[in-house]
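Asker: Sequence plus predicted model, see below.
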Amino acid sequence: MIRDTHPPLAKEGWLHIAFTAAAAVLVYIFFGFWWSLPLWLAVLFVVQFFRDPKRVIPQRPNIAVAPADGKVVFVGAATDPYLNRAAVKISIFMNVFSVHSNRAPVAGRVEKVWYSPGKYFNAVLDKASELNERNAIWLKTENGEDVVCVQVAGLIARRILCYAEASQHMQRGERYGFIRFGSRVDVYLPEGFQTRARLGDWVSAGADVLGQFTP
């Protein structure tokens, strides 16, 4: 296993934390503690939302790890709309208290990146995969396995950040994006993928194993 070295607070949140903390300090100075209390609570919420804890990434061969923190809301056969193939789909729902940093489920080369504008339905609903704003990356492993990972905006989430680019090589568990304020991530894996994740499981990005590829 290896450990990642990303800062414990996501860079996407530094400005939000600084702005909220500055507002709390100013209100405290001019109006006192009780008037500033709601803002201090807001600071705590923003800090917990943008936390990005270090993860120990499993290095066993032929496995895929969770790309997001949250609850598994779908596991089963599906059609991969990006590669037009039969696939195994695993969906993970992130609420506002989840870590929202997204990580590569497998090591491989980024073959393509798709962005699709869309609606903002509750991300726990299956129709969110097809109708909501989303960003997908296609990863091809050294063994030739194709994995598509899709960031899906939610009811409150209005900002998907994806830093992956075509031809880039990514390591398993490497951080590649962030979604703000509640959302989901769908993973499309090859038919025959042996799933370990079960409906209702709570998983951690980069650390928990979703399953393994068929030899």
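Answerer: That came through, no problem.
Asker: Let's verify the closest residue to Leu161 other than its chain neighbours: helix, strand, or coil?
Answerer: Leaving aside its sequence neighbours, Leu161 sits nearest to Phe178 (Cβ to Cβ, 6 or more residues apart in numbering; 4.5 Å). In this view, the C-beta of every residue, glycine as well, is placed from N, C-alpha and C. Three-state call for Phe178 (DSSP: H, G, I helix; E, B strand; the rest coil): strand.
Asker: what does Glu165 give?
Answerer: On the three-state scheme (three-state DSSP), Glu165 is labelled coil.
Asker: Low-confidence bits of the chain, can you list those?
Answerer: By pLDDT under 70, the low-scoring segments of the chain are 1-6, 118-129, 131, 154-158, 181-182.
Asker: how does it divide into domains?
Answerer: As recorded under automatic domain parsing, the domains making up the chain are 11-49, 60-212.
Asker: Gly144 - that's part of a helix, no?
Answerer: No. Counting by three-state DSSP, one finds Gly144 to be coil, located in no helix.
Asker: how many neighbours does it have?
Answerer: The local packing of Gly144 (other Cβ atoms under 10 Å) involves 8 other residues.
Asker: What residues are bridge-paired with Arg134?
Answerer: Beta bridges link Arg134 to Ser116, Val152, judged by DSSP bridges.
Asker: quick one: it and Cys149 touch, right?
Answerer: No. Using Cβ atoms under 8 Å, Arg134 makes no contact with Cys149, being 10.6 Å away.
Asker: does Arg60 count as helix, strand or coil?
Answerer: With three-state DSSP as the basis, Arg60 sits in coil.
Asker: Tell me how many other residues surround it.
Answerer: Arg60, neighbours per other Cβ under 10 Å, totals 10.
Asker: before we move on, the earlier item: tell me the most buried of the domains of the chain?
Answerer: domain 60-212 (a mean of 19; mean count of other Cβ atoms under 10 Å).
Asker: Just the endpoints, please. Distance across it?
Answerer: Distance across domain 60-212, first residue to last, is 10 Å (Cα to Cα, to the nearest Å).
Asker: all helices of this protein, in order?
Answerer: 14-31, 33-49, 128-131 (DSSP state H).
Asker: next one: the longest one to chain centre, how far?
Answerer: Yep, that's helix 14-31 we're talking about. Helix 14-31 has its C-alpha centroid displaced from the chain centroid by 28 Å (Cα atoms, centre = their mean, to the nearest Å).
Asker: packing partners for it?
Answerer: Applying 3 or more Cβ pairs under 8 Å, 6 or more residues apart in numbering; DSSP states H and E, one finds that helix 14-31 contacts helix 33-49.
Asker: Could you list the residues in contact with the helix it packs on?
Answerer: Identification of contacts with helix 33-49 by Cβ atoms under 8 Å, 6 or more residues apart in numbering yields 9, 13, 16-17, 20-21, 23-25, 27-28, 96-97, 100, 181.
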